[in-house]
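**Student:** Dropping a prediction and its sequence here:
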Amino acid sequence: MFIGREKELKNLNNLYNTNKFQFPVIYGRRRVGKTALINEFVKDKDCSCYR
C-alpha cells in the first residue's frame with residue numbers, strides 16, 4: 001500500500017519523462033518512506049536496480 005506521496009511520485013515521473021539528464025536527490029529522516037517511494041517509482045519501469 002502506498003499512501004501520501006503522490007506529489008513526490010508525480011515529480012519523479014516528470015523528471016523521468018524529460019529528455020534531459022536528471023539527478024534527483026531523495027533525503028530525509030529515517031523511516032519516513034524514502035525506499036518505499038523509490039520502490040513505487042520503479043515498479044512499472046524497466047530498470048536494473050535492486051528491489
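**Tutor:** Arrived safely, thanks for sending. Source: prediction; values computed, not measured.
**Student:** CA only for contacts and neighbour counts going forward, please
**Tutor:** Will do.
**Student:** residues near Val42, how many?
**Tutor:** When neighbours are counted by other C-alpha atoms under 10 Å, Val42 registers 15.
**Student:** Just the CA atoms of the helix ranked longest in the chain, as PDB, please.
**Tutor:** For the chain, the longest helix by residue count, based on DSSP state H, is helix 6-16. Output in PDB follows, covering the C-alpha atoms of helix 6-16 (Å, rounded to 0.1, in the frame of the first residue of the first chain):
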ATOM      1  CA  GLU A   6       1.500  11.200  -4.800                       C
ATOM      2  CA  LYS A   7       3.200  14.700  -5.200                       C
ATOM      3  CA  GLU A   8       6.700  13.300  -4.900                       C
ATOM      4  CA  LEU A   9       5.900  10.300  -7.200                       C
ATOM      5  CA  LYS A  10       4.500  12.700  -9.800                       C
ATOM      6  CA  ASN A  11       7.600  14.800  -9.600                       C
ATOM      7  CA  LEU A  12       9.900  11.800 -10.100                       C
ATOM      8  CA  ASN A  13       7.800  10.600 -13.100                       C
ATOM      9  CA  ASN A  14       8.000  14.100 -14.600                       C
ATOM     10  CA  LEU A  15      11.800  14.100 -14.300                       C
ATOM     11  CA  TYR A  16      11.900  10.600 -15.700                       C
END
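**Student:** Which of the residues in that helix are classified as buried?
**Tutor:** By 16 or more other C-alpha atoms under 10 Å, the buried positions in helix 6-16 come out as Leu12.
**Student:** by contact count, what packs against that helix?
**Tutor:** helix 34-42 (3 or more C-alpha pairs under 8 Å, 6 or more residues apart in numbering; DSSP states H and E).
**Student:** Kindly export the helix it packs on (C-alpha atoms) in CSV.
**Tutor:** Listed next in CSV are the C-alpha coordinates belonging to helix 34-42 (Å, rounded to 0.1, in the frame of the first residue of the first chain):
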residue,chain,number,x,y,z
LYS,A,34,12.2,7.1,1.1
THR,A,35,12.8,3.5,0.0
ALA,A,36,9.1,2.9,-0.4
LEU,A,37,8.9,5.9,-2.7
ILE,A,38,11.7,4.6,-4.8
ASN,A,39,10.2,1.1,-5.0
GLU,A,40,6.8,2.5,-6.0
PHE,A,41,8.5,4.7,-8.7
VAL,A,42,10.4,1.8,-10.3
